[in-house]
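*Asks:* Predicted model follows, preceded by the sequence.
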Amino acid sequence: MIVLGIESSCDETGVGVVRWRDDRTCEQLADEVASSVAEHARFGGVVPEIASRAHLEAIRPTVRRALSAAGIDRPDAVAVTVGPGLAGALLVGVAAAKAYAAAWDLPLYAVNHLGGHVAVDTLEHGPMPPAVALLVSGGHTHLLRVDDLAEPIAELGSTVDDAAGEAFDKVARLLGMGYPGGPEIDRAARDGDPAAIAFPRGMTGPRDAPYDFSFSGLKTAVARYVEARRAAGDPISVADVAASFQEAVADVLTRKAMRAVADSGMDTLVLGGGATANSRIRALAEQRCAAAGITLRVPKPRLCTDNGVMIASYAAHLIAGGAIPSPLTVAADPALSVRIGQLD
Ligand code: ATP
Ligand code: MG
Ligand code: FE
């Protein structure tokens, strides 16, 4: 079975094609992504109207490129991200997927974006054992419990305010860096001391929800630190601020993820989302997993950021698990819960 997946929840127009195999994994046949990230740079964040327009322009050429890369005229099923994400952006992918499904007379599967971030790991690392997943991107910070990719995914916790990637972008802006800020902070932090400034670890107190995150206090602490130094005329070490901020984020993310794995009695942690490209988040996750005897699975960066392959592979798992197709009347749901793998 060959599945074509369409992703348009944020600023990437992704179209991927996978072949489902009997060993419960997917083989990647095509992975085409058109990003509008450069168009959002001067606004310091994703502008929904610009993203929607860019999806509209990119969707058909990206589907064509994916079909040609996969060497097929049409797939056996069409999958699409139905949520969560930006309403206008999702709408473009969902409308396109319906049109292709109708024109090709193929079943449509309207699936959850977050499940895709987890399922994509099977392309590189094989069938997914029961696992805890930590998703960190510009729009999401979630700890999930995944017993079986074909079954509902449980949410253990999520951010109560900013997403981790969003915190990177906001702190980068404060330090005068460009957008997206994550890679620039990562680079600047290489020359800094992660212990130079004791920034707060949000929601790590004994009464705090163990799997929830908060990054807005950290962002404010960085802003206060920078303002105070500037007001006093003291020099600011951008490298030290970047390294100390990055350490605070990586520490909280991995500490909570380790606790979730231990509490759930599982022995596998999966990372996903664009911010897992961060070198310190990766290194700390590796170090802490190794110390605890936990298997860490991290997809390559290209598969961590939004793409169509993740949607195709998640849909393939759901289809193999007996999912029935979604109706052509299915509507995008910007706030779709991770528990709902597919709208049928
Ligand atoms: P979504 O939230 O729907 O997954 P998105 O476009 O916000 O979509 P991604 O494209 O997956 O998210 O990731 C982009 C985010 O990841 C940005 O916030 C960016 O700053 C952050 N990021 C990318 N590389 C790094 C890095 N090396 N260190 C920290 N953050 C990074
Ligand atoms: Mg993006
Ligand atoms: Fe995403």
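*Replies:* Okay, I see it. Numbers count the residues shown, from 1 in each chain. Ligands and ions are numbered 1, 2, ... in the order given.
*Asks:* So which bits of the helix or strand encompassing residue 95 are buried?
*Replies:* Here residue 95, judged by DSSP states H and E, is contained in helix 87-104. Neighbour-count burial for helix 87-104, counted by 16 or more other Cβ atoms under 10 Å, picks out 88-98, 100-101, 104. (Glycine included, C-beta is placed from N, CA and C.)
*Asks:* ok, now stretch 21-28?
*Replies:* Quick answer for stretch 21-28 (16+ other Cβ under 10 Å): 24, 25, 26, 28.
*Asks:* and the helix holding residue 95, what's its mean pLDDT?
*Replies:* For helix 87-104, the mean pLDDT works out to 98.
*Asks:* Return the list of helices and strands in contact with it.
*Replies:* Using 3 or more Cβ pairs under 8 Å, 6 or more residues apart in numbering; DSSP states H and E as the contact test, the elements touching helix 87-104 are strand 2-7, helix 48-70, strand 77-83, strand 108-112.
*Asks:* neighbouring contacts of it?
*Replies:* Under the contact criterion Cβ atoms under 8 Å, 6 or more residues apart in numbering, helix 87-104 has outside partners 4, 6-11, 13, 48-49, 51-52, 55-56, 59-60, 63, 74-75, 78-83, 106-108, 110, 328, 330-334.
*Asks:* Same question for stretch 119-132.
*Replies:* With contact meaning Cβ under 8 Å, 6+ apart, stretch 119-132 is reached by 18, 23-28, 118, 143-149, 156, 257, 260-261, 264, 266-270, 272, 297-300, 303-304, 307, 309-310, 313-314, 316-317.
*Asks:* That stretch and ligand 3 in contact?
*Replies:* No - on the criterion Cβ under 5 Å from the ion, stretch 119-132 is out of touch with ligand 3, staying 10.1 Å away.
*Asks:* Using CSV, write out the CA atom coordinates for that stretch.
*Replies:* Only the C-alpha atoms of stretch 119-132 are listed here, as CSV (Å, rounded to 0.1, in the frame of the first residue of the first chain):
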residue,chain,number,x,y,z
ALA,A,119,5.3,7.9,13.6
VAL,A,120,8.0,9.4,11.4
ASP,A,121,10.7,7.8,13.6
THR,A,122,9.7,4.3,12.3
LEU,A,123,11.1,5.2,8.9
GLU,A,124,14.6,5.3,10.3
HIS,A,125,14.5,3.1,13.4
GLY,A,126,11.9,0.4,12.7
PRO,A,127,8.7,-0.6,14.5
MET,A,128,7.8,1.6,17.5
PRO,A,129,7.8,-0.2,20.9
PRO,A,130,5.6,1.3,23.6
ALA,A,131,7.3,4.7,24.3
VAL,A,132,7.2,8.1,25.8
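*Asks:* Would you enumerate the residues in contact with whatever residue of the stretch 201-344 of the chain ends up closest to ligand 1?
*Replies:* With Cβ to the nearest ligand atom, the shortest gap between the stretch 201-344 of the chain and ligand 1 falls at residue 274, namely 1.9 Å. For residue 274, the contacting residues are 136, 137, 138, 165, 182, 304, 305, 306, by Cβ under 8 Å, 6+ apart.
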